[in-house]
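Enquirer: return atomic coordinates for the entry below.
(one chain, ligands or ions: 1)
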Amino acid sequence: MIIKKIQYNIFACLLLLGIPAAAQLQPDAKPLIVTSIKPLAIIAKSAVGDAADVQYLTPPSQSPHDFTLPVSALRKIADADLVIWVGGGFEARSAKTMSALSSDKLLTAMDLPLTQPQNSEPSDNDDHSIEADPHLWLNPDNGNKIAAEIQARLGLPPKEIINRQYLSRLKSELAAIDDKTYLSHHQAYAHFAAAFDLKSGLSIRNASGGAQGAKTQYRLRSSIEKTNVSCVFVEPQYQDKDAAIIAAEYDLPMVPLDPQGLSQTISDRAYSEFIGTLVAQFKACFQ
Ligand SMILES: [Zn+2]
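Expert: Here you go, the predicted model:
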């Protein structure tokens, strides 16, 4: 009876202190990593394997560009040992919550010394306002760099999450298509194109998924007429209405491409599989 009462009191104290009881009462509970978007969870799980639990906040069916954190997400962030997000330039609506976290709990991917697309020649349709592409997880080099930082934070030995040999094989598979171009839903593939030596394609929307002005849309249409566009990529998170209109207008096939890893299982091989799937989806445009 007394023991039960003591247990109850400890539990009540922990609740009052806002400490998750489960984590306190099980000394060997794994650390919890919470990421803002699924691609970062794919990287984190590949980096840590069984050494930590990994969860993500944005439902993968939703565009991360305009996602607002619900109360359930705030609870997960409070419970987490490490929180990983891309950064304020990408997830503007989460910036206030994230900036309140201590620097040893928060990992901002954008702040790491990542590989940036060098040869991103300004395409005709971006109205000379060249936005930095925040979809940095699509360059496997960056995947490995983010993984290394996660491993260091957790005191794990460094281990690459995608193998260089596999990467050069994927690169050679894509080498055959370098004279053709593509049209994407939004400007999301500068990192991917740089990593695999591909041309930067045309895009209907800007890097944040926003609609372009009339002048830019006019330029896009004249670019489509001038270049050898093979397909229009459509992403599962977005309504493909504008893509469907252009595809019909220029008689181009619509090909699914999934930069958020919607159908990817979270496992210790997830990142390698995710990049492999993306390359296969990309190649389908040119077949
Ligand atoms: Zn995007």
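Enquirer: tell me the mean pLDDT for stretch 38-51?
Expert: Over the span of stretch 38-51, the pLDDT mean works out to 98.
Enquirer: what's around residue 99, how many residues?
Expert: By the measure other Cβ atoms under 10 Å, the count of residues near residue 99 is 10. The C-beta positions use only the backbone N, C-alpha and C, and glycine is treated the same way.
Enquirer: who's in contact with the nearest residue to it once chain neighbours are set aside?
Expert: Sequence neighbours aside, residue 88 is the residue nearest to residue 99 in space, at 7.7 Å (criterion: Cβ to Cβ, 6 or more residues apart in numbering). Residue 88 sits next to 95, 98-99, 110 when contact means Cβ atoms under 8 Å, 6 or more residues apart in numbering.
Enquirer: which of the residues you listed sit farthest apart?
Expert: The two members of those with the most space between them (Cβ to Cβ) are 99 and 110, at 12.9 Å.
Enquirer: and residue 96, what pLDDT?
Expert: So residue 96 comes in at 94 (pLDDT).
Enquirer: kindly report the same for residue 208.
Expert: For residue 208, the model assigns a pLDDT of 86.
Enquirer: just residue 285 next, same as before
Expert: In this prediction, residue 285 has a pLDDT value of 94.
Enquirer: ok, the residue nearest to it when sequence neighbours are not counted - contacts?
Expert: Ranked by Cβ to Cβ, 6+ apart and with sequence neighbours excluded, the top spatial neighbour of residue 285 is residue 231, at 3.9 Å. For residue 231, the contact set (Cβ under 8 Å, 6+ apart) comprises 182-183, 252-255, 284-286.
Enquirer: so which of these belong to helices?
Expert: Using DSSP state H, the members of these that fall within helices are residue 284.
Enquirer: next, format the contacts of residue 231 as a markdown table and append distance to residue 38 and neighbour count.
Expert: Compiled in a markdown table, these are given as follows (distance: Cβ to Cβ, whole Å; neighbours: other Cβ atoms under 10 Å):
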| residue | distance to residue 38 | neighbour count |
| --- | --- | --- |
| 182 | 23 | 26 |
| 183 | 24 | 26 |
| 252 | 28 | 18 |
| 253 | 26 | 11 |
| 254 | 23 | 17 |
| 255 | 21 | 19 |
| 284 | 22 | 15 |
| 285 | 23 | 23 |
| 286 | 27 | 16 |
